[in-house]
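# Have a look; sequence and predicted model below, questions after that.
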Protein chains: 2
Amino acid sequence: MTVLRCLLRSGAYHDSVVLMRLQAALAELPGVADAAVVMGTEANRELLAASGLLPEEAAGARPEDLLVVVKAENAAAAEEALGRVDPLLAARAAAAADGGFRPRTLSSAVQLLPEARWVLVSVPGRHAAAVAHEALGLGRHVFLYSDNVPLDAEVALKRAARQRGLLMMGPDCGTAIVGGVGFGFANRVRRGSVGLIGASGTGLQTVACRVHELGAGVSQALGTGGRDLAAEVGGATALQALDLLARDEATRAIVLVSKPPDPSVVARLLMAAGRAGKEVVCCFLGLPLPMRRLGNVHFTAGLDEAAEKAVELALAGDEPHGGGRRGDGTAVREEPRPAAAPGFLRALFAGGTLAYEALLALRPLLTPLHSNLSLAGVLPLSDLGRSRGHTVLDLGDDELTVGRPHPMLDNALRLRRLRQEAADPEVGAILLDVVLGEGAHPDPAAELAPAIAEARTAAAGEGRELEVIVLLVGSDEDPQGLARQAAAFGGAGARVVRTIAQAVERWWILEIGRRPGEAAAAGSDAASVPLADLDGPPAAINVGLESFHASLLAQGAAAVQVDWRPPAGGDERLAALLARMRT
Amino acid sequence: MTVLRCLLRSGAYHDSVVLMRLQAALAELPGVADAAVVMGTEANRELLAASGLLPEEAAGARPEDLLVVVKAENAAAAEEALGRVDPLLAARAAAAADGGFRPRTLSSAVQLLPEARWVLVSVPGRHAAAVAHEALGLGRHVFLYSDNVPLDAEVALKRAARQRGLLMMGPDCGTAIVGGVGFGFANRVRRGSVGLIGASGTGLQTVACRVHELGAGVSQALGTGGRDLAAEVGGATALQALDLLARDEATRAIVLVSKPPDPSVVARLLMAAGRAGKEVVCCFLGLPLPMRRLGNVHFTAGLDEAAEKAVELALAGDEPHGGGRRGDGTAVREEPRPAAAPGFLRALFAGGTLAYEALLALRPLLTPLHSNLSLAGVLPLSDLGRSRGHTVLDLGDDELTVGRPHPMLDNALRLRRLRQEAADPEVGAILLDVVLGEGAHPDPAAELAPAIAEARTAAAGEGRELEVIVLLVGSDEDPQGLARQAAAFGGAGARVVRTIAQAVERWWILEIGRRPGEAAAAGSDAASVPLADLDGPPAAINVGLESFHASLLAQGAAAVQVDWRPPAGGDERLAALLARMRT
């Protein structure tokens, strides 16, 4: 018959690695079957309860209480174990102090190691934002490992960082490699020409490992925190990181890894990536993109593929023939066009699947996007007869084909719509699909090409340049004559493409050329982050997990550990009172 | 000043292509600015109104009414044009009759062309199911082009077809190529070794064209209708088509194209694809999959990529070295294992992004799937302490890390959970990630490997085989020793993999080996579709659009056109009354 005993320490602060080691030490004592050492949060108490490790007297523990539970063979063994808790913690504290003088505050740490440009913060989440703000105030970049930091605190921190030209990685940033030194969780990989940006910790680590395994190396790996690509945060850190790595000569290819970002944020990121002047590989997990690349921006479905693509691109730059023509990004900037605000895209599809594929491809580029097809992140079109903003229309929609032939057979509906869209001064481009073959219209170009030429001429007469893109699907044996159709559309001034990816790329290139201002990396109030701060090995100040300090030293970085304690000894009410008195 | 005049014909039936040609003829008459000839549905009336082509007297038109509108320079020209409507329609009917004798019923058409194994149906949607049922009753395969057929009618049609060993393509099936002859909309492509299945018309056409452009060819292209992969229909036609093409010796690689299918249907399709014994390329537009292949099943993000992959695989079979080892499908069947129902998978992740990537990869394979990560199609886990069915857990979840170290640092939580899952008799496999590097646990295998060995031994003692898969992320320079960690996990009986794709593939292979029965192509009541019916050129009966009949003849197929008329002359109430009297 085992017994369960516990011990509560109010307001006691020890970092979580210290607690983990205490737990391991207790579990190894004679007669002890199991032990748990955790802060008394509700989640932890539930986990303990599920493991049969929550005695009744521990049920009332508060989040700021240290809770030690021991399951032992008998009462004596349990009491003996609990009696060891304080001596074990004291021994640990003494061992830590052996490392030399430890400043109590961040500002004294900065005086001790003034060359430190980086502050690592891993204190409990409720204290983390205050420490990070202090670090930014001292002009230091922040690597904020702590999670459970409120969203509005993240927004405020990133705004402050951006204005000062500082990088704010996190909160909940698990990993970074700066100047060859890993912050937080980081694999030891060789240095090289692949730069990494990740709104994802293990995603970034997986890509770094695979790059290394393939024989290439990492220039810098910059974490952003998992929420950076949420709409509220707007990709603030990712945009700064993109700007940094675009300027960094050691970086030849950039990888951007994230769980699915907010659509508006993807659009901004892709715009910035398109202007980076080097190859960028995007791995947006969970965002289905039907194309593999747009100019210099490449898309991969998984993490490993992202690493493989980046290595291929980075190494291609080493080959003599690749030197001059590496960046398609260059090509992108070579095609400017007259500004034509707002230049909406109207896509008028006969083929439902083609419309759907186009919608998937355009969704991350054009926000807001409207359609009569249903897709998350795309706004429904209430009135089929009137387009709104950017619109993708499936004219083969069941509702539209009752009592009339399919638009692949009958161009009447599309001809009408083409004229209507072309007459709209807000329209910059029209995309049409033309599907040849048996059963389809015997000569679509005979009807559509003159209408296209007419529309373009009319727009030009109003001083507008109207781009018409024709996606031509057919085989060279089709009765309509593939080459003849292509020539007719080309003759009418349309750009003929053969795949959705080509159609979307064409539009994207126009869009980048047209909106130079909006692609600015990190907002109009942003100061540039100095590239020199990424040189390594960096000097850093660590506030929080002692194991991170040890890791910095082991990697050859100069580092100072702050002997941080929660304000007011962990008493939350007193701390709040003190904070209010200070303001 | 233009005038608008209209003409209504109640209960008049003409196929939509005939109406389109009438409209074109009217629009070319002198003094006519525009013309519209449509059935009087609400959608059509709205479209006319949007184009300024809906006179007041046309507002009350019913769906079964033919509505002819003319916009002319003056009243005389308008009246003149409307006066031509009946003569033009009569001339058209006379021209059609020139083609020879046309049976009035499907059964007399079958007597006229008994070798016809296929019936093409393109009558208006509200009449389509009845015609298709009649064709199935006569033992013929159906290509049902009509849209606006109710879902329950589709389910009933497909059930009837399956039981009779017939293929029911559609409703809303735009395209097929059977024995080298295109049905409906189809491109002329060379015959070859790529077989196509599509719940998508223009998707199938795009892939066929690209296959042809790459110098390869199409064995058969089988449409299923856009709703076939909805949960209610369950992929009935796609599963039959997969079974057919798997048996077809001329088909070396199969492409399956669809807009995002229902998760339960994807799981069945992938299971069937995995057992096809040949390479299968899946392009599920809009379904983000983080892996490129599972055994013999390949995944692509876009239509063009699907065609390219299929051609690569089909041609690889032609090369001498590829002959013996083409299908990974073979390997799949070589690894049977003892049945262990239900054999749930429990994935216990320390890395959030790895957990998310696994969830994306497993979602189409395991339904239902539970997780504490939020993803469409994945069920939330109400109690974090208890897994349900197949479960993917992110143990680095903010909620779980308050006041305790991250699970990459501290194995305590995972050790507990590993034991808990292993003791569950319903669990067949456990997946763990182990991330090495700076900041992580100094020797994860020292703690986890013994627990894995213990769990496997305990399960074996109960007669269960417990598979443990360890996803090991790290570099060979990491302090924990990549090779040493891998060896320790391997020594404990775990399967060590390096990517999520490998982990998922391992699980999938086990699952296929374990569930031989469930992968049956098309349900237990299914009769097999005879392969010989795909031989070409096929003979076919066409009911509906005359242009389809002409296309069949032009392609060298024997074809009979049925002179179909709506029941009761198009009077819906009378037709309903007659139908009721017949039953």
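Nice, thanks for sending it over.
# from here on, contacts and neighbour counts on C-alpha atoms
OK.
# Spatially nearest residue to residue A:472, not counting backbone neighbours?
Leaving out its chain neighbours, the residue that sits closest to residue A:472 by CA to CA, 6 or more residues apart in numbering or on different chains is residue A:434, at 4.9 Å.
# Please disregard the earlier target; I meant residue A:146.
residue A:122 (4.8 Å).
# what's near enough to touch that neighbour?
Contact analysis of residue A:122 by CA atoms under 8 Å, 6 or more residues apart in numbering or on different chains lists A:128, A:144-146, A:543-545.
# Mind checking which of those land in helices?
Those of the contacts of residue A:122 mapping onto helices are residue A:128, per DSSP state H.
# Show me which of the contacts of residue A:122 are buried.
Buried members of the contacts of residue A:122, scored by 16 or more other CA atoms under 10 Å in any protein chain shown, are A:128, A:144-146, A:543-545.
# Report how many residues lie close to the one residue in the stretch 351-500 of chain A that gets nearest to chain B.
In the stretch 351-500 of chain A, no residue comes nearer to chain B than residue A:437, which is 4.1 Å away by CA to the nearest CA. Residues lying near residue A:437 (other CA atoms under 10 Å in any protein chain shown) number 28.
# would you list every one of the helices in the stretch 301-450 of chain A?
For the stretch 301-450 of chain A, the helices defined by DSSP state H, counting those that start in this stretch occupy A:303-316, A:328-333, A:352-362, A:398-401, A:412-422, A:444-461.
# Check these for me and report the most buried one.
Among the helices of the stretch 301-450 of chain A, ranked by average contacts under mean count of other CA atoms under 10 Å in any protein chain shown, first place goes to helix A:352-362 (a mean of 24).
# Verify the stated contact: the residue of the stretch 351-500 of chain A closest to chain B with residue B:185.
Yes. Checked against CA atoms under 8 Å, the pair residue A:437 and residue B:185 is within contact range at 6.4 Å.
# For chain A, which residues score under the pLDDT cut-off?
A:95-99, A:317-342, A:403, A:515-524, A:569-573, A:575-576, A:578-583 (pLDDT under 70).
# which residue sits farthest out from the middle of it?
residue A:76 (53.3 Å; CA atoms, centre = their mean).
# Helix or strand: which one has it?
helix A:75-83 (DSSP states H and E).
# just checking, next helix/strand downstream of that helix?
By DSSP H and E, the next helix or strand past helix A:75-83 is helix A:85-97.
# Could you list the buried residues of the helix or strand following that following helix?
Next in sequence after helix A:85-97, counting helices and strands by DSSP H and E, comes helix A:106-112. The neighbour-count check on helix A:106-112 (16+ other CA under 10 Å) flags A:106-107, A:109-110 as buried.
# Could you point out the helix or strand that follows helix A:106-112?
Assignment by DSSP H and E places the next element after helix A:106-112 at strand A:118-121.
# what residues does that following strand touch?
A:128, A:131-132, A:135, A:140-146, A:183, A:538-544.
# try 6 Å this time
Contact partners of strand A:118-121, identified using CA atoms under 6 Å, 6 or more residues apart in numbering or on different chains, comprise A:140-145, A:540-544.
# Could you do stretch A:362-374 as well?
A:263, A:266-267, A:378-381, A:390-393.
# Centre of the chain to that stretch, how far?
20 Å (CA atoms, centre = their mean, to the nearest Å).
# Then stretch A:183-190?
Distance, centroid of stretch A:183-190 to centroid of chain: 19 Å (CA atoms, centre = their mean).
# Phi first, then psi, for the residue nearest to residue A:146.
Dihedral pair for residue A:122: phi -140, psi 30, per degrees, to the nearest 10.
# Is residue A:463 in a helix, a strand, or coil?
What DSSP: H, G, I helix; E, B strand; the rest coil gives for residue A:463 is coil.
# who are the neighbours in contact with residue A:175?
Counted by CA under 6 Å, 6+ apart, residue A:175 has contacts A:183-186, A:201, A:223.
# Report the backbone C-alpha coordinates of stretch A:102-112 in PDB.
What follows is stretch A:102-112 as a C-alpha-only set of coordinates in PDB (Å, rounded to 0.1, in the frame of the first residue of the first chain):
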ATOM      1  CA  ARG A 102      25.600  37.200 -11.100                       C
ATOM      2  CA  PRO A 103      24.000  40.600 -11.500                       C
ATOM      3  CA  ARG A 104      20.500  40.900 -10.100                       C
ATOM      4  CA  THR A 105      19.200  43.200 -12.800                       C
ATOM      5  CA  LEU A 106      19.400  43.400 -16.600                       C
ATOM      6  CA  SER A 107      20.900  46.900 -16.500                       C
ATOM      7  CA  SER A 108      23.800  45.800 -14.400                       C
ATOM      8  CA  ALA A 109      24.200  42.800 -16.700                       C
ATOM      9  CA  VAL A 110      24.500  45.100 -19.600                       C
ATOM     10  CA  GLN A 111      27.200  47.100 -17.800                       C
ATOM     11  CA  LEU A 112      29.000  43.900 -17.100                       C
END
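# what does that stretch rub up against?
By CA under 6 Å, 6+ apart, stretch A:102-112 touches A:562-564.
# In strands only, show me those.
Under the assignment DSSP state E, those contribute residue A:562 to strands.
# Chain B contacts on the stretch 301-450 of chain A?
Contact residues (CA under 6 Å from any CA of the partner chain) of the stretch 301-450 of chain A with chain B: A:301-302, A:351, A:353, A:403-405, A:437-440.
# returning to that earlier point: need the contact list for the residue nearest to the residue of the stretch 351-500 of chain A closest to chain B when sequence neighbours are not counted.
The shortest distance from residue A:437 to any non-neighbouring residue, by CA to CA, 6+ apart, is to residue B:187 (4.1 Å). Residues near residue B:187 by CA under 6 Å, 6+ apart: A:437-438, A:478.
# Kindly reformat the residues you listed as CSV containing distance to residue A:365.
Shown next, in CSV, are the contacts of residue B:187 (distance: CA to CA, whole Å):
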residue, distance to residue A:365
A:437, 32
A:438, 34
A:478, 34
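# Brilliant, that's me finished.
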